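Asks: I'll drop the sequence and a predicted model, then ask my questions.
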Amino acid sequence: MLACFAALAWSAALTKNATIDEPTHTLSGWIELRYRDFRLEPVNPSLWKCWAALPNLFTKLKVTFDAPVWKTPSFDPQGEIDWAGRTLYDTPGNDGDAFITRTRAAMLLLGIALGALTGAWAYRLAGPLAAIVAVALFSFDPNFVAHAPLAKSDIAFGLVLLALTRTVWRLGQRATIWRVITIGLLCGAAVGTKFSGVIVGPILAVMLLYRALMPLPWDFLGHLIASRARRILAAAAVGFTAAALCWLVTWSAYDFRFRPAPAMDSRMDMATIQRRVALFEASAADSSHRPTEEQVAHWPPSAVSRAVLFLDRHHLLPQAMLAGLWYQHACVTIWPAFLMGEHYGLGRWYYFPLAMLFKTPLATLAAFAIAIVVAIVMRRKWPTRFSEPEAPDESSAGSLKRVGLYPSSWLVACFVIPTGIFSIAALTTHLNIGVRNVLPLYPFFYIAVGATAAGASKHWPRATRLTLVALLIGLLAETLPAWPDYIAFFNTAAGGKLGGIQLLGDSNLDWGQDFKPLAKWQQSHSDEQLFVDFYGTLDPRFYGLRYHPLGVAPDGSRPISDIPIPNGAVLAISANHLQGLYLKPYERAFFAYIAQQRPIDVIGGSLYLYRWPPQPPPAPP
């Protein structure tokens, strides 16, 4: 199944061009690996980008460092995106497509590792049936198939979070030096993969505290600790050790150097970043209008800003990391989002629950629901309180019992605590940009479903087998026909990829990934004159696309191009722009009018083709 997963993911990725972020991620990782210069795109930590850059370590690129993003490194997202796109795709001698493809191969390996770890933990808990179910749900989930090969950090963070949780679970059974060290290294890897990875701090703290308070002796470094007070001290020692190792891993990822580049005079422009952060915070405080320059200049720094400035002043963390962490805080404060026709900047708590409902395959949703019902029914067959092992034996402690298959409270805590804290963070964030941000939750759900299926098979073997076969058929029936448009996948109840434009935007649907399919469409429609308004990083001409760029007149009354648009021409418009995401109000009005028309074709789920001029919408009855 993992081989099928890899084949689906890789073959689908080959049909798609680089998404809007990938050129910047891959090029900045290459520069960090080759030149140890961390000034480009500090908002993404260095560790995972260096992993992504490994396949291109010996690739020669023509790169110029005279762009404004290098002269005043203050993290200008659009400037970095434009520079990376020009460098990879518009510079003679550079093959941006091959560069991105090699990076995607490295990322796919992490996706396969995540699937393998999901199956391995399910097998350890409840045997082969649990592993098969968990890996099937993972391997044929269109969201993992779509995102595993991409140069993004979501799948990598999911792997780190699952590995960390599993290691803490085993530490709760028997603490060894190696497990303590592994936990610290994984905490460092989490922060080095996503700045939101700092959430592993409270997750680890709560898990260790829970283990210390349990009325169960703890085999800690070869000593059986029965006293609750001593267990709390042991848990604190693990936490402090993990924090110290995390701090060391963070410094090592940035060459144990405060400066963002080897040059002695290199510094991030923290003053400019502070003004941008103040703009975000002031906008979040009153989202009804854009704050004035005076308001931004006199905006009092938040607690996060004061902490970052303190750490920067005392050189307690690398400056490039602090700059990225600071800007990431600003993005979480307020960010444009689209949900079911509504535009907003301050997040909605129900965004991710709805995104999961729309983009998770129906068979997987059914498996979740059935597993909950079965667990409740099976709960009546369990003892009145969760069973704990009589001794901290490595082979049984915290595992599902092979006979009754009921979990220990420590195992339950190892699933509830990380998923609970992560879910609270997702419900409260204002960064509502894609279901990919909550994909790290899914492997925990898959393992739980697999373990529940294994338990159900002990009591209802025939019904369990029939149910699992039906669910697998349903899962394949949704996933396989969606190839290769997995980024734009929406389940059948949500209308499929054509229904997504009414529900969610950004990386849920349109990431600027369908220029390659549009070029193929043009080859079979060579007589059509094409005008394109796209959301993306690179110039579609790289793929041989012949088109005229399309814009909107300042009064929003008509489209504009370098030539007049003749009758019968074809307009290719990104779904994000039809939704009005990241557009000015006058642009939204025009594209909203276009979106009322019936498209003549939809490319990959993200590019909508219309015939010009559009027909007036029918009058209401």
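Replies: Everything's here; your move. Numbering: from 1, shown residues only.

Asks: lowest-confidence helix or strand of this structure?
Replies: When the helices and strands of the chain are scored by mean pLDDT, DSSP states H and E, helix 68-71 comes last with a mean of 76.

Asks: hey, where'd the helices end up in the stretch 151-300 of the chain?
Replies: 154-173, 177-193, 200-213, 228-253, 270-285, 293-297 (DSSP state H, counting those that start in this stretch).

Asks: Figure out which of the ones you listed is closest to Phe542.
Replies: Nearest to Phe542 among the helices of the stretch 151-300 of the chain is helix 154-173 (26.0 Å), distances taken as C-beta to C-beta. For glycine as for every other residue, the C-beta is placed from the backbone atoms N, C-alpha and C.

Asks: Can you tell me the closest non-neighbouring residue to the spatially most central residue of the chain?
Replies: Among the residues of the chain, Asp154 comes closest to the average C-alpha position under C-alpha atoms, centre = their mean, at 3.2 Å. Residue nearest to Asp154 in three dimensions, not counting chain neighbours: Arg436, with 4.5 Å by C-beta to C-beta, 6 or more residues apart in numbering.

Asks: again with Leu40
Replies: Ser28 (4.1 Å).

Asks: what number of residues lie near that neighbour?
Replies: By the criterion of other C-beta atoms under 10 Å, Ser28 has 25 neighbours.

Asks: neighbours around Thr241, how many?
Replies: 16.

Asks: what do you get for Thr464?
Replies: 21.

Asks: And the host helix or strand of it, what does it pack against?
Replies: Per DSSP states H and E: Thr464 is located in helix 461-479. Applying 3 or more C-beta pairs under 8 Å, 6 or more residues apart in numbering; DSSP states H and E, one finds that helix 461-479 contacts helix 128-139, helix 142-147, helix 362-379, helix 442-459.

Asks: could you redo the last one with a cut-off of 7 Å?
Replies: helix 362-379, helix 442-459 (3 or more C-beta pairs under 7 Å, 6 or more residues apart in numbering; DSSP states H and E).

Asks: In TSV, list these along with mean pLDDT.
Replies: Shown next, in TSV, are these (pLDDT from 0 to 100):
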stretch	mean pLDDT
helix 362-379	93
helix 442-459	94
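
Asks: which ones are touching Lys497?
Replies: Contact partners of Lys497, counting by C-beta atoms under 7 Å, 6 or more residues apart in numbering, are 485, 488-490, 605.

Asks: confidence score at it?
Replies: In this model, Lys497 is scored at 91, pLDDT.

Asks: What of Ser395?
Replies: 45.

Asks: and what of Met321?
Replies: So, for Met321, pLDDT stands at 94.

Asks: Just the CA trace of the helix or strand that contains it, in PDB.
Replies: Per DSSP H and E: Met321 is located in helix 319-333. Extracted C-alpha coordinates of helix 319-333, given in PDB (Å, rounded to 0.1, in the frame of the first residue of the first chain):
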ATOM      1  CA  GLN A 319      18.600  36.200  14.400                       C
ATOM      2  CA  ALA A 320      17.200  34.700  11.200                       C
ATOM      3  CA  MET A 321      15.100  32.300  13.300                       C
ATOM      4  CA  LEU A 322      13.900  35.100  15.500                       C
ATOM      5  CA  ALA A 323      12.900  37.200  12.400                       C
ATOM      6  CA  GLY A 324      11.000  34.200  11.000                       C
ATOM      7  CA  LEU A 325       9.300  33.400  14.200                       C
ATOM      8  CA  TRP A 326       8.300  37.000  14.700                       C
ATOM      9  CA  TYR A 327       6.700  37.300  11.200                       C
ATOM     10  CA  GLN A 328       5.000  33.900  11.700                       C
ATOM     11  CA  HIS A 329       3.400  35.300  14.800                       C
ATOM     12  CA  ALA A 330       2.100  38.200  12.700                       C
ATOM     13  CA  CYS A 331       0.600  35.900  10.100                       C
ATOM     14  CA  VAL A 332      -1.200  33.900  12.800                       C
ATOM     15  CA  THR A 333      -2.600  37.200  14.100                       C
END
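
Asks: ok, and what's touching it?
Replies: By C-beta under 7 Å, 6+ apart, helix 319-333 touches 38-39, 42-45, 75, 195, 250, 254, 258-260, 267-268, 270, 273, 276-277, 280-281, 284, 304, 308, 311-312, 429-431.

Asks: what's the spacing between the helix holding Thr464 and its chain's center?
Replies: Centroid separation for helix 461-479 versus its chain: 28 Å, with C-alpha atoms, centre = their mean, to the nearest Å.

Asks: Following that helix in sequence, what is the next regular element?
Replies: helix 496-499.

Asks: Tell me which residues of that following helix come out buried.
Replies: 496-497 (16 or more other C-beta atoms under 10 Å).

Asks: Give me the residues contacting the very next helix or strand once past it.
Replies: Sequence order places helix 515-524 as the next helix or strand after helix 496-499, per DSSP H and E. The contact list for helix 515-524 (C-beta under 7 Å, 6+ apart) reads 15-17, 530, 536, 540, 543-546, 572, 603-604, 607.

Asks: what residue ranges in this protein score low on pLDDT?
Replies: 72-75, 380-407, 616-621 (pLDDT under 70).

Asks: Please repeat the previous calculation with a cut-off of 80.
Replies: 67-77, 287-289, 379-407, 536-537, 555-558, 614-621 (pLDDT under 80).

Asks: for it, which helix is longest?
Replies: Secondary structure of the chain per DSSP state H: the longest helix is helix 96-126.

Asks: quick check: angle from that one to helix 442-459?
Replies: 40 degrees (axes from the mean of the first three to the mean of the last three C-alpha atoms, to 10 degrees).

Asks: Got the phi and psi for Pro564?
Replies: Main-chain torsions, Pro564, degrees, to the nearest 10: phi -60, psi 140.

Asks: could you say what helices and strands the least confident helix or strand of the chain packs with?
Replies: Looks like helix 68-71 contacts helix 77-89 (3+ C-beta pairs under 7 Å, 6+ apart).

Asks: Which positions in the helix it packs on come out as buried?
Replies: 80-89.

Asks: Convert the C-alpha atoms of it to PDB, please.
Replies: Written as PDB, here are the backbone C-alpha positions of helix 77-89 (Å, rounded to 0.1, in the frame of the first residue of the first chain):
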ATOM      1  CA  PRO A  77       7.400  37.700   1.000                       C
ATOM      2  CA  GLN A  78       6.400  39.000  -2.500                       C
ATOM      3  CA  GLY A  79       9.900  40.200  -3.300                       C
ATOM      4  CA  GLU A  80      11.300  36.800  -2.300                       C
ATOM      5  CA  ILE A  81       8.700  34.900  -4.400                       C
ATOM      6  CA  ASP A  82       9.500  37.000  -7.400                       C
ATOM      7  CA  TRP A  83      13.200  36.700  -7.000                       C
ATOM      8  CA  ALA A  84      13.100  32.900  -6.600                       C
ATOM      9  CA  GLY A  85      10.800  32.500  -9.600                       C
ATOM     10  CA  ARG A  86      13.100  34.600 -11.800                       C
ATOM     11  CA  THR A  87      16.200  32.800 -10.600                       C
ATOM     12  CA  LEU A  88      14.900  29.300 -11.200                       C
ATOM     13  CA  TYR A  89      12.800  29.700 -14.300                       C
END
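
Asks: what angle sits between it and helix 319-333?
Replies: Using the same axes, to 10 degrees: helix 77-89 against helix 319-333 is 120 degrees.

Asks: who does helix 77-89 touch, helix- and strand-wise?
Replies: helix 22-35, helix 68-71, helix 96-126.

Asks: what residues does the shortest one touch?
Replies: The contact list for helix 68-71 (C-beta under 7 Å, 6+ apart) reads 39-40, 76, 79-80, 83.
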